[in-house]
Structure formats: C-alpha cells, structure tokens
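Novice: Got a predicted model here, sequence first, then my questions.
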Amino acid sequence: MTDQQRKFNLQLWLMVGLLAGVIVAGFLLFPRTAEERDALLSRLGTTNHGTFIQPMLDITQLPLETVDASPWQYDEQKIKWRIVLPDDGSCRQDCRQMLHLTRQLHIRLGKNTGRLERIFLLLGTELAPETKELLDKDHPYLKVLRVAPEAFEQWIGAANTGWQAGVTRALLLDQNGRAMMFYTPQSEGNDMLEDLNHLLKYSPAP
C-alpha cells in the first residue's frame, strides 16, 4: 500500500468516525424514553440554574381547560417549550414578580420568541378581579388555563418541587409536555435565559 493510499484510508476512517460521533450525539441529545431523558438531565446538571424536577411530570395527565371550560389537549397544540405558572388566581407579590420575569425572558429570546409559550395555570375557576386586570393590561399574550386544585396537587406532589398553596413556582415544560425544571421568585432572569437558550440550542426546532 502506498503512502497516498494510507493517507486516503486514514481520511476515510476519520470521516466515518465523525459521522458515527454525530449519530451517537443525536441519541444523547434527543433521548426518546423517560430513563434516557433523566440520564440527560443528570449530565446537564452541572450547568443548569433551575432545579431539575425528579421525576419529570407529564402535563398531559392533567385535565386542563380554557377559561371558557373547553378541554385543552396538549397534543393538539403547536410544538413549543412552555413556562407554566400555577396560582390560585389571587397572584400576590411573588406571582406578579414571576410574571414580569418570564415576560422579560420571553422578549429577550429574540428570534426564538416563537418557540416559547407562557401559561398562567389557574387552580380553580375564577381569577381575582385584580389579577384579571393585571393579565389583560400587562400580559395580553399570556395563555390562561385552569385545572381543579385537587388534581394539580396530586400531580405535582409526586415530584420534588416543594410546591404548596401560596408558594410560587414556574415550571419549564419541554416540547413533549414534560415538566423538567422549576424556578422560584429568587431566580435571576439572566440565569433562566441561559438555561432556556441552552435547551433551545440542543432541541429540534419545529
């Protein structure tokens, strides 16, 4: 075998190795089972600012409704990342702070703004008049859904969010509807933006 042939074979094997690496990376970045997803979250855990939800919670297990009592089915919605803010409808100081923080986060995503949706999840049936006025005035693009408090408490109680009535938590849902990370009112906007930009970078755009 000549030196030129050896060089060609070496280049060929390098190309094969690179291709194999891309394929393997694809499986690592886009796991298809809950176990693979949990493993991915563990690997990313050294760089995240939010707290990973263990185990992840599937939003499709909640009987969600729109404010006019129409069923809201997750699989009928556009593929997006979502931030969900559960609240009993009174939306006190921490809730209002989180609404402002997530609105600014949404704006700062720039060209990726359309890949995120913000949801106010009403635990009950009625918004307080002050909350409705706030949402109408300052958050016109915020989607409002509702769910029975008992159903929500049972759902979120299976994970490590530390949620209880009166405690504000913003839940980050992946594109498959799994609540994978949560943030508190003490979270910094820059930290949330960094997390979300990282996740958007390594997730397929619809």
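Specialist: Perfect, I can see it now.
Novice: Look up how far Asp58 lies from the closest residue to Val67 other than its chain neighbours.
Specialist: Spatial nearest neighbour of Val67, excluding adjacent residues (Cβ to Cβ, 6 or more residues apart in numbering): Val144 at 5.3 Å. C-beta coordinates here come from the backbone N, C-alpha and C atoms, glycine included. Note on Val144: its distance to Asp58, by Cβ to Cβ, to the nearest Å, is 21 Å.
Novice: partners of the helix or strand containing the residue nearest to Val67, with directions?
Specialist: Secondary-structure assignment from DSSP states H and E places Val144 in strand 143-147. According to DSSP bridges, strand 143-147 forms sheet pairs with strand 65-66 (antiparallel), strand 116-123 (parallel).
Novice: in it, what's buried?
Specialist: Within strand 143-147, the residues scored as buried using 16 or more other Cβ atoms under 10 Å are Lys143, Val144, Leu145, Arg146, Val147.
Novice: ok, so of these, who is nearest Asp191?
Specialist: Lys143 (24.0 Å; Cβ to Cβ).
Novice: Which strand residues bridge the closest one?
Specialist: According to DSSP bridges, beta-bridge pairing links Lys143 with Ile119.
Novice: contacting residues for it?
Specialist: Taking Cβ atoms under 8 Å, 6 or more residues apart in numbering, we find Lys143 in contact with Glu117, Arg118, Ile119, Phe120.
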